[in-house]
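Colleague: My questions are about this predicted structure, shown below with the sequence.
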Amino acid sequence: MKSIVSRPVLHTAGILLLGAALALSARGQEIAPAVIVTPATPQQLEVQRIGETAIDRVAVSMVNEVRSALRGGDPTDALDFCHLKALPTTPGAIISGMPRIIAVKFTSLRIRSKENLPDAADKLALDHIDQALKSGGDAPGVVVQRIDLPDSQPEWRVYKPIAVTTSCLTCHGDPDDQSPRLRNKLKAMYPDDLSTGYKAHEWRGVIRVTVADGPKP
């Protein structure tokens, strides 16, 4: 697969990491399709701006935590702090000063933890990015998605791709390059792990934020 071209969030993340529709299911009930949009209206552009700002802040937080955890020198000891399944999920309190951010998620086509499993709307965005790379192009810098909910305001999601850097390869590269201790701990923590075998600069997945619909202009 073509290596992902660095984008601002990838520079920020450092050591981390067109419309289309798809029917969704939530708690067994079908809801309206998710649609990838090219922001054009003031409302859509504001959603994108808020989403990208939030994602950059999440990425910076991840970088700082991972760097701090790795200062001990042994990636096995740092693993408990480096995995990304425990992102904040409390609406209204996820990111200070950004009340419209109501959910944060890391997901991928090759997940490490079931907590990161993409839902149908996530899969639509991931496939959109995957197809751009398979076609020989660059990954889009951002994907904005609208989900029209029945009898409710639409849900907005903003996705940004993240890439594997050299430091990420400690846990996401060739398993044969890992120490037995690290390999055994990864296997114990993630028995269904699909996120190894990456090379530096390959696309790893996305950070996604959900942005509450704002007042109409």
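Modeller: Done, it's in. Residues are numbered from 1 along each chain as shown.

Colleague: Show me what residue 145 bridges to in the sheet.
Modeller: residue 36, residue 157 (DSSP bridges).

Colleague: And for it, the neighbour number?
Modeller: The burial count assigned to residue 145 is 25, neighbours taken as other C-beta atoms under 10 Å. (Each C-beta comes from the backbone N, C-alpha and C, glycine too.)

Colleague: so it sits right up against residue 156, yeah?
Modeller: Yes - counting by C-beta atoms under 8 Å, residue 156 is a contact partner of residue 145 at 7.1 Å.

Colleague: what helices or strands is the helix of greatest length in the chain leaning on?
Modeller: Secondary structure assigned by DSSP state H gives helix 42-70 as the longest helix of the chain. Other helices and strands packing on helix 42-70, by 3 or more C-beta pairs under 8 Å, 6 or more residues apart in numbering; DSSP states H and E, are helix 8-13, helix 75-82, strand 101-107, strand 143-147, strand 155-163, strand 203-211.

Colleague: redo that, cut-off 6 Å
Modeller: helix 8-13, helix 75-82, strand 155-163, strand 203-211 (3 or more C-beta pairs under 6 Å, 6 or more residues apart in numbering; DSSP states H and E).

Colleague: Quickly, which of these bottoms out on average pLDDT?
Modeller: Ranked by mean pLDDT, the helices and strands packed on helix 42-70 bottom out at helix 8-13, with a mean of 39.

Colleague: per-residue confidence at residue 181?
Modeller: Taking residue 181 on its own, its pLDDT is 88.

Colleague: Now for it, how many residues are close by?
Modeller: Neighbours of residue 181 under the rule other C-beta under 10 Å: 12.

Colleague: Sort out which residues of the helix or strand hosting it are buried, please.
Modeller: Using DSSP states H and E, residue 181 sits in helix 180-189. Using 16 or more other C-beta atoms under 10 Å as the test for burial, helix 180-189 gives 182, 183, 185, 186.

Colleague: Cool, thanks, signing off.
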